[in-house]
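1. give me coordinates for this.
(one chain, ligands or ions: 1)
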Amino acid sequence: MKQNEPLRAVTSWEVDVAGYPLSLPITPVSPDRAIALMMITDLGVSFGDHIGAALAERFRPLKPELVIGTATLGIPVAIEVTRHLGLDKYVILQKSPKKHLADALTYSLSSVTSHGTQELRLDKAALPMLMRRRVIVVDDVIATGSSLLASLVLARQASAEVVGLGAVLTDGEAWRSTLGKDAALVQALAHIPQFRNAGPGRWEPIAESGA
Ligand SMILES: Nc1ncnc2[nH]cnc12
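-> Model prediction:
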């Protein structure tokens, strides 16, 4: 189904990601809500190369010195954007409580695709790489904006200057209010709606304000 057709029940959503067509399965995340699921780790290296090049092109004018990626699915995005910007090192904010992160800077978050709350952790060993550096924060999908907000807070605690926020997709509109004025820093390659339950097995895209 194309985005400009009248609203009707759908089982997949077609989206053009900077010239790369994807068909995403409509996947329930609660009894009355579904998302068009993009599992970046199922899409292969050519898709990773494509999105890395496209995001790097958007961010190059901002002269970023380092890319921060949010675990888990922001990791391939961070690697590809780093590579296409001609940079080498990148910093990953981890979600799992690894032993070496016992004294990490932490921030709590929740996400659309995971149960309960999680913590994002910034390894103190990465602090010298971030201090007074121009950084961009990248992830696979921005939905609630909660991961990105946690990343922003941690990056700023580390005295980095966040010049951009990047994602392959924005999903729905909740992230706009979560991020507030920092929503203006977001660059995404494509946008997808969320879906409401329209009867057994039927999902309809939720109309958006387009703010
Ligand atoms: N559409 C989506 N695909 C994958 N992960 C997501 N997290 C939130 N929305 C998502």
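2. which strands and helices sit next to the longest helix anywhere in the chain?
-> Counting residues, the longest helix found in the chain (DSSP state H) is helix 44-59. Here helix 44-59 is seen to pack against strand 12-17, strand 20-30, helix 74-84, strand 161-171, strand 186-192 when contacts are counted using 3 or more CB pairs under 8 Å, 6 or more residues apart in numbering; DSSP states H and E. Backbone N, C-alpha and C define where each C-beta goes, glycine included.
3. so for the last one, mean pLDDT?
-> Mean pLDDT, taken over the full extent of strand 186-192, equals 98.
4. what's it packed up against?
-> strand 12-17, helix 44-59, strand 161-171.
5. give me the sheet partners of that strand and which way each runs.
-> Next to strand 186-192 in the sheet, as set by DSSP bridges, lie strand 161-171 (parallel).
6. how close does the residue of the chain found nearest the ligand sit to L169?
-> Residue nearest to the ligand within the chain: A143 (3.5 Å; CB to the nearest ligand atom). With distances taken as CB to CB, to the nearest Å, A143 is found 9 Å from L169.
7. now swap in V67 and tell me
-> When V67 is compared with L169 (using CB to CB), they lie 18 Å apart.
8. sorry, back to before: nearest to G201, out of the helices and strands packed on helix 44-59?
-> Nearest to G201 among the helices and strands packed on helix 44-59 is strand 20-30; the distance by CB to CB comes to 9.6 Å.
9. mind giving me the packing neighbours of that closest one?
-> Using 3+ CB pairs under 8 Å, 6+ apart as the contact criterion, the neighbours of strand 20-30 among helices and strands are strand 12-17, strand 33-36, helix 44-59.
10. what's next to the helix or strand of the chain with the lowest mean pLDDT, contact-wise?
-> Lowest mean confidence among the helices and strands of the chain (mean pLDDT, DSSP states H and E): strand 105-110, at a mean of 85. By CB atoms under 8 Å, 6 or more residues apart in numbering, the residues outside strand 105-110 that reach it are 116-122, 124, 144, 146-147, 149-150, 153-154, 157-158.
11. stretch 72-88 too?
-> Under the criterion CB under 8 Å, 6+ apart, external residues in contact with stretch 72-88 comprise 39-41, 48-49, 51-53, 55-57, 59-60, 64-69, 89-90, 92-93, 95, 136, 138-141, 147, 166-168.
12. count of residues packed around P128?
-> Each residue near P128 was counted by other CB atoms under 10 Å, and the total is 9.
13. output the below-cut-off pLDDT ranges for the chain.
-> For the chain, residues meeting the criterion pLDDT under 70 lie at 1-9, 111-114, 210-211.
14. hmm, 50 instead?
-> Applying pLDDT under 50 to the predicted model, the chain contains no residue that meets it.
15. on that earlier part again, as CSV, the helices and strands packed on helix 44-59 with mean neighbour count and distance to T106 would be great.
-> Supplementary listing: the helices and strands packed on helix 44-59 in CSV, determined by neighbours: other CB atoms under 10 Å; distance: least, CB to CB, whole Å:
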stretch, mean neighbour count, distance to T106
strand 12-17, 17, 32
strand 20-30, 14, 25
helix 74-84, 22, 17
strand 161-171, 23, 18
strand 186-192, 19, 24
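16. turn those into CSV, columns for distance to the ligand.
-> Listed next are those as CSV, based on distance: least, CB to the nearest ligand atom, whole Å:
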stretch, distance to the ligand
strand 12-17, 9
strand 20-30, 7
helix 74-84, 11
strand 161-171, 4
strand 186-192, 6
